[in-house]
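Novice: For reference, the sequence and a predicted model appear below.
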Amino acid sequence: EVQVLESGGGLVQPGGSLRLSCAASGFTFSSYAMTWVRQAPGKGLEWVSSISGSGGSTYYADSVKGRFTISRDNSKNTVYLQMNSLRAEDTAVYYCAKSLCTGGVCPLKLYMDVWGKGTTVTVSS
Amino acid sequence: QSVLTQPPSVSAAPGQKVTISCSGSSSNIGNNYVSWYQQLPGTAPKLLMYENNRRPSGIPDRFSGSKSGTSATLGITGLQTGDEADYYCGTWDSSLSAYVFGTGTKVTVL
C-alpha cells in the first residue's frame, strides 16, 4: 500500500525553527516528486514546496521562499521541510503528498495523488 | 487571495447533481491540466480528478471533470451524504511559478 506519514510538528516560538519529515512506503520513492501543502485553521489549501524525484529541482511558494528548504533522502525514502524564521501565519496543518508530473513535465503538469494525514505546526509565544 | 475562483458553497438533495466551477486565467487553467481534490471533514485531501477529466482508481464515475478555456468544472451526479466535503481545484500557474489551489467549495447534501 502506498503511504506517506508526516512527523515533526509542534509548538514553536516566532522566529524559531522546525524540521518536518515525511516517510514514504509502498512505491519507488526516487521516481516521484514530493510536495508539501499546508492548511491554516479554517482556511483553504496552500501549496508550500515541491521537489523532483532526484532532488535536483525544487520549487517554493513566495510566502516561504528564503525561509523554508525542501530536501529528500532517497536512501531513507524520506522528504524533509526545514522551516526557519517561523511566523504566526505559518501556523497550519502541513501535508506531505506523493506527486506526479504528467509526461514527466514538472512542475507544469504537477498534481498530488497520495496525501498523508498531516502534522500540526503552531507558531506562538 | 487565490487566483482560482470557486463558489463558496453548492447544495442539492440526495440523488441530484451538482457542478463546481473553477475560474482561472491563461497562465494557469488555460495552459495546464486541472486536478480536483476532495477533503472530507477532519481528514486529509484526496485526489479526485487529474489531467482535467481522469479519475484515479477507486473514484466512482459519478464524478466527472471538464475544462474549457480558462475554466474547469467538477460534476457530481447521484449525490450521496458521503459526498459532503470541501472540494478544491488546483493547477500550476506559469506566471507565479507556483502551484495554485482554488478557494474551495463546500458541498452540502440537503
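Specialist: Noted; the coordinates are in hand. No experiment lies behind these values; they were computed from the predicted model shown. Numbering: from 1, shown residues only, chains lettered A, B, ... in the order given.
Novice: only C-alpha atoms for contact and neighbour calcs from this point on.
Specialist: Will do.
Novice: Strands of chain A, start to end?
Specialist: If you assign secondary structure with DSSP state E, the strands in chain A sit at A:3-7, A:10-12, A:18-25, A:33-39, A:45-51, A:58-60, A:68-73, A:78-83, A:92-101, A:110-115, A:119-123.
Novice: Roughly how far does A:C22 sit from B:Y99?
Specialist: Separation of A:C22 from B:Y99 (C-alpha to C-alpha, to the nearest Å): 20 Å.
Novice: for A:F27, same thing?
Specialist: Distance of A:F27 to B:Y99, computed by C-alpha to C-alpha: 24 Å.
Novice: Same question for A:L45.
Specialist: Distance of A:L45 to B:Y99, given as C-alpha to C-alpha: 11 Å.
Novice: what does chain B have sitting close to chain A?
Specialist: Residues of chain B lying close to chain A (C-alpha under 8 Å from any C-alpha of the partner chain) are B:32-33, B:35, B:43-47, B:50-51, B:88, B:90-94, B:98-101, B:103-104.
Novice: Just the ones in strands from the residues you listed, please.
Specialist: Among the residues of chain B next to chain A, the members found in strands (DSSP E) are B:35, B:46-47, B:88, B:90-93, B:98-101.
Novice: Have a look at A:F27 and B:Y99 and say which one is more surrounded.
Specialist: Comparing A:F27 with B:Y99 by other C-alpha atoms under 10 Å in any protein chain shown, the one with more neighbours is B:Y99, at 25 against 13.
Novice: what is the more buried one paired to in the beta sheet?
Specialist: Beta-bridge partners recorded for B:Y99 (DSSP bridges): B:W92.
Novice: gap between the two ends of stretch B:77-89?
Specialist: End-to-end distance of stretch B:77-89 (C-alpha to C-alpha): 18 Å.
Novice: what's the answer for stretch B:91-105, then?
Specialist: Stretch B:91-105 stretches 16 Å from its first residue to its last (C-alpha to C-alpha).
Novice: Stretch A:78-89 too?
Specialist: With C-alpha to C-alpha applied, stretch A:78-89 spans 26 Å between its terminal residues.
Novice: For it, the averaged confidence score.
Specialist: Across stretch A:78-89, the average pLDDT comes to 98.
Novice: repeat for stretch B:73-89
Specialist: Throughout stretch B:73-89, pLDDT has a mean value of 97.
Novice: list the buried ones in that stretch?
Specialist: Buried residues in stretch B:73-89, counting neighbours by 16 or more other C-alpha atoms under 10 Å in any protein chain shown, are found at B:73-74, B:76, B:79-80, B:83-89.
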